[in-house]
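S.K.: I'll drop the sequence and a predicted model, then ask my questions.
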Amino acid sequence: MKRDSNIILTGHALCLTDVARIADGARVILSPEGLERAAAGHAVLLGGMQGGSEIYGTTSMVGAFKDCDIPADDGTAYARRLLRSHALGVGPDFGVRTVRAAMAIRINGILSGQTGASPALATALCNLLNARITPVVRMYGSIGCADVGLMSHVGQVLLGEGNVTTPEHEGVEPALSALRRHGLSPVVPGPKDMMTILSSNALSVATAALAVSDLRASLPLGLGVYALACAGFAAFRTPWQAAHANGTVAEKRVSAFLMHATRKDDWNSRGHIQDPLSFRCLPQIAGALLSALLRAQAALDHAFNHCDDNPLVVDGQILTSGASLPLELTLDIQMLSQAVAHYARGSMGRILVMCRDDLSGLPRNLTLLAGHDIAFGAATKLAADLTMRIMREGTPASLYQVPVANGVEDEATNLSLIGQALELQTALLQRLIAQEAVTAFQAVHLSGHADSLRGLAGLLHGRLAGRIGPVNDLIPLCDVFEAAREVLFSTETAASCPSSLLFGSDGIIEEQHENA
């Protein structure tokens, strides 16, 4: 929910767009209703403790020591020991955006009232977000059944330990100094507060969510670059018509987008019977990617708005839960990762095909001066490298599991690993799309179709022409590819692309756009 530039967290209705906005710095407001639910859930927890209930991680220790009680007078000291023993993160730091998104997701869970955490915990996390104090969390240490080894670093900051980054301070600084500078104090944790921080997949979910958000934004652009490649290759449009008439829902939507967005792009198809599969099967390849995106977004929406804690507070009861195993979400993200790999392979295929004179009818390697310029001959190796890296990251990882905690914790999903793989794939795919765009730009120049492109292909061609020219051997190709990537993935290009491939509650909202 939005209020001007603020996002109101309620414990429900948190969407991917709002998670991305919070990641980018939007301020957060906690709804009174959400705080009331948190207070009610906390009261249930306190009542259970007073009644002598055994509550995992609250009256008992965790993991292999689940049968050991926590002394009633040892709560705060135990919370610190719990965090320190689980502060496992090593390797590169998560980006600020990812940690901010994770804190927002965790706050929303607390406001559901199902965690048993105190409302003060939600307020403390909100204060960190609005002060732009971001805990330093390293990436390695989760097997995808609650990010206990990573979220512990967020908990440490709440207690005044660990390190943070802030916009006004260069580099990393101690959490306590940043809290004091912003007039904040370390929290005095409630009985389950630090367990609530630990017992969450928020960082893994946030990683996957931001990758999905970036990928979602890239899809219309990727299809526009494909259209530009079609113009350069003089490909048939009839496969779009066939898919629109006879394809799956996602294939029809992709085809409708292409037919609408390129209706002012004019090129004559060459006199061959049919095109290579990387051109002809794009509705099927992009349709599979779109379908996987929609499934992933639906799974993320559920994760944003449902607690993954153990235990859970439900209808006045404290219930042992297996919600910390986000297997359905993991499988959806994993399927999306594989769909990205298929899309990348198609992009590479079009790059290679455009460079072949026997298939494109254009000069070999799209050279401007045969026998003198090498042009795109060596660049095909870059396309292959990017594609192989993307495909490698699509290798399924959810089945890999080793029993931990003395055999008590014998399930895992590796969501953290899979989300980070999707994040890397998305970044690499942008570079591959940029290379396809430069290759298509050259093919359009050689085919003489540039002046007849007035739709989406023409729009992208015009934007590229403002930064690059036809490729010869006088400028390093890496500079050309980087310039194309900057142009294509700029805010200006995104704003001018057709908006008919947007995601709503039911998938794509088909609407007209003046630039389509």
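M.R.: Here it is on my side, so go on. Numbering: from 1, shown residues only.

S.K.: CA atoms for contacts and neighbours, from now on please.
M.R.: Fine.

S.K.: ok, so what distance separates Asp193 from Ala202?
M.R.: 15 Å (Cα to Cα, to the nearest Å).

S.K.: Neighbour count: these two, which is higher?
M.R.: Ala202 (31 against 26; other Cα atoms under 10 Å).

S.K.: for the nearest residue to Asp69 once chain neighbours are set aside, what are its contacts?
M.R.: Leaving aside its sequence neighbours, Asp69 sits nearest to Ser60 (Cα to Cα, 6 or more residues apart in numbering; 4.3 Å). Contact analysis of Ser60 by Cα atoms under 8 Å, 6 or more residues apart in numbering lists 54, 66-70.

S.K.: try 6 Å
M.R.: By Cα atoms under 6 Å, 6 or more residues apart in numbering, the residues touching Ser60 are 66, 68-70.

S.K.: Export the residues you listed as a markdown table, with columns for pLDDT.
M.R.: Output for those, formatted as a markdown table (pLDDT from 0 to 100):
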| residue | pLDDT |
| --- | --- |
| Lys66 | 76 |
| Cys68 | 81 |
| Asp69 | 78 |
| Ile70 | 79 |
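
S.K.: Report the buried members of these.
M.R.: 66, 69 (16 or more other Cα atoms under 10 Å).

S.K.: could I get the contacts of Ser60 as TSV with distance to Asn108?
M.R.: What follows is the contacts of Ser60, written out as TSV (distance: Cα to Cα, whole Å):
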residue	distance to Asn108
Lys66	27
Cys68	31
Asp69	30
Ile70	28
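
S.K.: Which one of the contacts of Ser60 is nearest to Leu210?
M.R.: Relative to Leu210, the closest of those is Lys66; by Cα to Cα it sits at 34.4 Å.

S.K.: Quick check: closest non-adjacent residue to that closest one.
M.R.: Lys66's closest residue in space is Ser60 (Cα to Cα, 6+ apart), at 5.7 Å.

S.K.: Which pLDDT value belongs to that neighbour?
M.R.: On the pLDDT scale, Ser60 is placed at 82.

S.K.: right, and Thr330 touches Asn414 too?
M.R.: No: between Thr330 and Asn414 there is no contact under Cα atoms under 6 Å: 7.7 Å.

S.K.: re the thing from before, can you tell me which of the contacts of Ser60 is nearest Leu336?
M.R.: Using Cα to Cα, those come closest to Leu336 at Lys66, 36.4 Å.

S.K.: quick one: that closest one and Leu464, what's the gap?
M.R.: In terms of Cα to Cα, Lys66 sits 60 Å off from Leu464.

S.K.: now His244
M.R.: His244 is 30 Å from Leu464, by Cα to Cα.

S.K.: Do me a favour and get the backbone dihedrals for Leu30.
M.R.: Main-chain torsions, Leu30, degrees, to the nearest 10: phi -90, psi 130.

S.K.: beta partners for it?
M.R.: In this entry, Leu30 is beta-bridged to Leu9, by DSSP bridges.

S.K.: so what's the spatially most central residue of the chain closest to, chain neighbours aside?
M.R.: Centroid-nearest residue in the chain: Ala211, 1.6 Å away (criterion: Cα atoms, centre = their mean). Of all residues beyond its chain neighbours, the one nearest Ala211 is Glu423 (4.8 Å), with distances taken as Cα to Cα, 6+ apart.

S.K.: Tell me which other helices or strands the helix or strand hosting the one you found touches.
M.R.: Using DSSP states H and E, Glu423 sits in helix 415-447. Contact partners of helix 415-447 among helices and strands, from 3 or more Cα pairs under 6 Å, 6 or more residues apart in numbering; DSSP states H and E: helix 202-233, helix 327-354, helix 477-488.

S.K.: go again using 7 Å as the cut-off
M.R.: With contacts taken as 3 or more Cα pairs under 7 Å, 6 or more residues apart in numbering; DSSP states H and E, helix 415-447 sits against helix 202-233, helix 327-354, helix 379-393, helix 477-488.

S.K.: Ala405 - how many residues pack around it?
M.R.: Count around Ala405 with other Cα under 10 Å applied: 12.

S.K.: Run through who's touching stretch 355-370.
M.R.: Stretch 355-370 has contacts (Cα atoms under 7 Å, 6 or more residues apart in numbering) with 233, 353-354, 373-377, 442-443, 446, 472.

S.K.: among those, which ones are buried?
M.R.: Neighbour-count burial (16+ other Cα under 10 Å) applied to those gives 233, 353-354, 373-376, 442-443, 446, 472.

S.K.: Pick out the most distant pair among the residues you listed.
M.R.: Phe233 and Asp373 (20.3 Å).

S.K.: ok, now how distant is the spatially closest residue to Asn6 that is not a sequence neighbour from Gly95?
M.R.: Leaving aside its sequence neighbours, Asn6 sits nearest to Arg27 (Cα to Cα, 6+ apart; 4.9 Å). Computed with Cα to Cα, the distance linking Arg27 and Gly95 is 18 Å.

S.K.: Which one of those two is surrounded by more residues?
M.R.: Arg27 (20 against 15).

S.K.: do you know how far that one is from Ala208?
M.R.: In terms of Cα to Cα, Arg27 sits 22 Å off from Ala208.

S.K.: go on, Ser53?
M.R.: Distance from Ser53 to Ala208, by Cα to Cα: 36 Å.

S.K.: So if I had to pick from those two, which one is more boxed in?
M.R.: Just comparing Ser53 and Ala208: by other Cα under 10 Å the higher neighbour count belongs to Ala208, 28 against 13.

S.K.: mind checking the SS state of Ala243?
M.R.: Secondary structure for Ala243, judged by DSSP: H, G, I helix; E, B strand; the rest coil, is helix.

S.K.: tell me, how many neighbours does it end up with?
M.R.: Each residue near Ala243 was counted by other Cα under 10 Å, and the total is 23.

S.K.: Would you mind confirming that it makes contact with Arg253?
M.R.: No: contact criterion Cα atoms under 7 Å: Ala243 and Arg253 do not qualify, at 9.2 Å.

S.K.: quick one: the strands in the stretch 151-300 of the chain?
M.R.: Using DSSP state E, counting those that start in this stretch, the strands of the stretch 151-300 of the chain run over residues 163-166, 169-174.

S.K.: Provide the strand pairings for the shortest one, with the direction of each partner.
M.R.: According to DSSP bridges, the neighbouring strands of strand 163-166, each with its direction, are strand 134-135 (antiparallel), strand 169-174 (antiparallel).

S.K.: Out of these, which one sits most buried?
M.R.: strand 134-135 (a mean of 28; mean count of other Cα atoms under 10 Å).
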